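**Student:** Next come a sequence and a model predicted from it.
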Amino acid sequence: MNERPYVLLSCAMSVDGCLDAPGRERLVLSGAADLDRVDGERASSDAIMVGAGTIRRDDPRLLIRSPARRAARVASGLAAHPARVTLTASGDLDPRARFFSGPEPDTDPGPPPARLVYCASPVADRVRRRIGGLAEVVAVGGAAEVGGPAEVGRGAQAGGRAYVGSAEGVRGTGDAVGRLMLAAVLADLSRRGIRRLMVEGGADLSRQFLTGGLADELQLVIAPFFVGDPAAPRFAGPGRYPYGPSRPMALAEVREVGAVVLLRYLLAGPAGGPPPAGGGAVAQAGAADAQAEAAVAQAAAAEGQAEAAEARAGAAGALPGHGAPGPGSEATAADRGWLGEAIGLSWRSPPSATAFAVGAVVVAGDGSVLATGYSREGGPHDHAEEAALAKLDPADPRLGGATLYSSLEPCRFRASRPRPCAELIVGTGLRRVVIAWREPPVFAPGGGAALLAQAGVTVVEIADLAPQARAVNAGLLGG
């Protein structure tokens, strides 16, 4: 298991970088379309972390709103809602906060989401008495208390006074100690099976993750207005960030979401690498298209059948339309657009030293998206095509005329699962596959395209998109 989960840092701010208003009134930064997008990100996470200050100020529930997304999680063997995690130094947590409450029993009859409170060792007993059995309290302050690596304990002792948590994050005698404490929390979460952690942080918590190099992805939403108040909390703040002018973050996507703009950066991949083709397509979409997509998302939330289709498509979010796939062995403009979206999804893959990052999209003959997937989406051994195919309804009559787009040739050989992706594709009845590049013999021999062709599946390769598909895997290819 990885030493820590894949960490997605999610923030919304005004044009001048304000995360909230300075007073008691909450500043609304996102609209309905972006809230639905965030709901999808929550649904694809194993846990959601917020600071104790956020609990005191905003009293968030941290639940999945969409019934379809909850149903999709349950169908895949997960709890309906991700686990909830918070950090506190003072132990000032109100047991009546919605963080500690469960979902409504009439809508979610299953067990409530797990709740974890990480706190400084000196206040752990007081926190346990205060919240009772509403959450598990984990004391952090040395290796013995959380089972962290030995250097965490030495770091705490060297500082003389170190603890996890503040109003919004992690403090200690300095950023180095704070990073070690936060790393201990992440290591403990990893041991508990948390593979993907979504951090909805305020100013301090976001800064600690970023300066400590502990985030893998940053999703930054920009609202179209200024706050202008010097007392308002602002994103990031002074600190020693590893992502300076000489090592910029990799811009993976720019998307218009209703009235706001989403900037998605990859922090663990090749710094300054090119954005995926899918992100470029979204960035070029006009305001009318974005509003139309938001309307579709809202309509899906209102209609039970549309919600079920959304669950099968997965939590990757709505993709822009590129039209009907090509009918045969020649690539069309629509094929290039859909393959670009698959490449864009590959950037969502949690990093791995032993497997490629791949994205996949299944598109019906009429141009509607049936399913999406990316590497390690639901587990450390998941392949992108496998993740997408698992969301399909085997009885869907559209499968025979659908096309699967994959940024990498589907595997023919694999050690982690009994059946390779090429065999899975043949078994679904799909008759057309479009890829960007052939699998290099880094981890396993290729040959998936040949196996598909032998089974009568048309395989189309768009080789000029291969450099974009390889970019996310540059670290594995020595580039």
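**Tutor:** Good, I have the coordinates. Model, not experiment: these values are computed from the prediction. Numbers count the residues shown, from 1 in each chain.
**Student:** can you give me the helices for the stretch 351-479 of the chain?
**Tutor:** For the stretch 351-479 of the chain, applying DSSP state H, counting those that start in this stretch gives helices covering 384-389, 421-428, 448-454, 466-471, 474-477.
**Student:** Would you format these as CSV with mean neighbour count and mean pLDDT included?
**Tutor:** Heads up, the C-betas are built off the backbone N, CA and C, glycines and all. Shown next, in CSV, are the helices of the stretch 351-479 of the chain (neighbours: other Cβ atoms under 10 Å; pLDDT from 0 to 100):
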stretch, mean neighbour count, mean pLDDT
helix 384-389, 29, 95
helix 421-428, 21, 92
helix 448-454, 19, 91
helix 466-471, 20, 88
helix 474-477, 14, 82
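**Student:** For my notes, please list those in JSON lines and give distance to Ile435 for each entry.
**Tutor:** Shown next, in JSON lines, are the helices of the stretch 351-479 of the chain (distance: least, Cβ to Cβ, whole Å):
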{"stretch": "helix 384-389", "distance to Ile435": "10"}
{"stretch": "helix 421-428", "distance to Ile435": "11"}
{"stretch": "helix 448-454", "distance to Ile435": "7"}
{"stretch": "helix 466-471", "distance to Ile435": "9"}
{"stretch": "helix 474-477", "distance to Ile435": "17"}
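**Student:** And those: which comes nearest Pro112?
**Tutor:** Between Pro112 and these, the shortest separation by Cβ to Cβ is 27.0 Å, and it involves helix 384-389.
**Student:** which one of the helices of the stretch 351-479 of the chain lies closest to Asp229?
**Tutor:** Nearest to Asp229, of all the helices of the stretch 351-479 of the chain, is helix 466-471, at 40.3 Å by Cβ to Cβ.
**Student:** Nearest to Ser44 among the helices of the stretch 351-479 of the chain would be which one?
**Tutor:** Distance to Ser44, taken as Cβ to Cβ, is lowest for helix 384-389 among the helices of the stretch 351-479 of the chain, at 10.6 Å.
**Student:** one step back: among the helices of the stretch 351-479 of the chain, which is nearest Ala184?
**Tutor:** Nearest to Ala184 among these is helix 474-477 (25.8 Å), distances taken as Cβ to Cβ.
**Student:** Return the distance of the helix or strand where Ala12 lies from the chain's centre.
**Tutor:** Here Ala12 sits within strand 6-13, counting by DSSP states H and E. How far strand 6-13 lies from its chain's middle: 9 Å, per Cα atoms, centre = their mean, to the nearest Å.
**Student:** counting contacts, what elements does it pack onto?
**Tutor:** helix 32-43, strand 196-199, helix 203-211, strand 217-222 (3 or more Cβ pairs under 8 Å, 6 or more residues apart in numbering; DSSP states H and E).
**Student:** Can you dump the C-alpha atoms of the longest one in CSV for me?
**Tutor:** Coordinates of the C-alpha atoms in helix 32-43 are reproduced here as CSV (Å, rounded to 0.1, in the frame of the first residue of the first chain):
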residue,chain,number,x,y,z
ALA,A,32,-25.2,24.8,-8.7
ALA,A,33,-23.1,23.4,-11.5
ASP,A,34,-19.9,23.6,-9.6
LEU,A,35,-21.5,22.1,-6.4
ASP,A,36,-22.6,19.2,-8.6
ARG,A,37,-19.0,18.8,-9.8
VAL,A,38,-17.7,18.8,-6.3
ASP,A,39,-20.3,16.2,-5.4
GLY,A,40,-18.9,14.0,-8.1
GLU,A,41,-15.3,14.5,-6.7
ARG,A,42,-16.6,13.6,-3.3
ALA,A,43,-18.2,10.5,-4.6
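**Student:** Phi and psi next, for the residue lying closest to Ala124 once chain neighbours are set aside.
**Tutor:** The shortest distance from Ala124 to any non-neighbouring residue, by Cβ to Cβ, 6 or more residues apart in numbering, is to Ala139 (3.8 Å). The phi/psi pair for Ala139 (degrees, to the nearest 10) reads phi -80, psi 130.
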